[in-house]
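Peer 1: Can you look at this prediction? I've put the sequence above it.
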Amino acid sequence: MRPPEFFELGPICLRRPRPTDAEAVFEYGSDPEVARYADWRVQSDIGPIREALAQRAADWEHGEKWYWIIALACDDRAIGGISCVPEGAAAELGYLVHRKHWGRGYAARAVKAIVAWLGACPAIELAWATCDAENAASVRV
């Protein structure tokens, strides 16, 4: 199972992360409102972001976890991310979007694209994600 490296989705695209995404990822990763419902702490240093981007490249090559940057199609700037972790015949999804871009349907577009790709993979029978029940927008996605 080899994932696509790029999805074109109208106003956004999904693509593999690059080291140059660190500043944009730090921008939303350091926002307490973005981290509020996430399973990670607010970022206070860009160093761990740089390390995470490098780790995501290694995870991708090993097929352990795939992570795509959600970027605006107009300027390719990172505004979020979506991950997919295969677990046997299932795959877990996780996503987040920069607060400035909430309410535009970007997370839903990203999830639909990944689920459609997973649906075409014979080895995958189930795709799932969890969210904080208090995060109404994520519940809708």
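Peer 2: Noted; the coordinates are in hand. Numbers count the residues shown, from 1 in each chain.

Peer 1: For the residue nearest in space to the middle of the chain, give me its contacts.
Peer 2: The residue lying closest to the centre of the chain (CA atoms, centre = their mean) is residue 82, at 1.3 Å. By CB atoms under 8 Å, 6 or more residues apart in numbering, residue 82 lies in contact with 14, 67, 68, 70, 93, 94, 95, 107, 110, 111, 114. The way it works is simple: take the backbone N, C-alpha and C, and place the C-beta from them, glycine included.

Peer 1: just residue 104 next, same as before
Peer 2: Residues counted as contacts of residue 104 (CB under 8 Å, 6+ apart) are residue 11.

Peer 1: what's the distance between it and residue 94?
Peer 2: Remark: distance between residue 104 and residue 94 (CB to CB, to the nearest Å) = 19 Å.

Peer 1: got it, and residue 60?
Peer 2: Residue 60 is 15 Å from residue 94, by CB to CB.

Peer 1: Tell me which helix or strand comes right after the top strand by length along the chain.
Peer 2: If you go by DSSP state E, the chain has its longest strand at strand 78-87. Following strand 78-87 in sequence order, the next helix or strand is strand 90-97 (DSSP states H and E).

Peer 1: Quick one: mean pLDDT for that next one?
Peer 2: For strand 90-97, mean pLDDT rounds to 95.

Peer 1: if we can go back for a sec, okay, and the beta partners of the residue nearest to the centre of the chain?
Peer 2: residue 68, residue 95 (DSSP bridges).

Peer 1: Against residue 47, how distant is it?
Peer 2: Counting by CB to CB, the gap from residue 82 to residue 47 is 23 Å.

Peer 1: Next: residue 89.
Peer 2: According to CB to CB, residue 89 stands 37 Å off from residue 47.

Peer 1: If you compare the directions of the biggest helix by length in the chain and strand 78-87, what angle comes out?
Peer 2: Scanning the chain for the helix with the most residues, using DSSP state H, yields helix 46-62. Orientation check (axes from the mean of the first three to the mean of the last three CA atoms, to 10 degrees): helix 46-62 against strand 78-87 gives 40 degrees.
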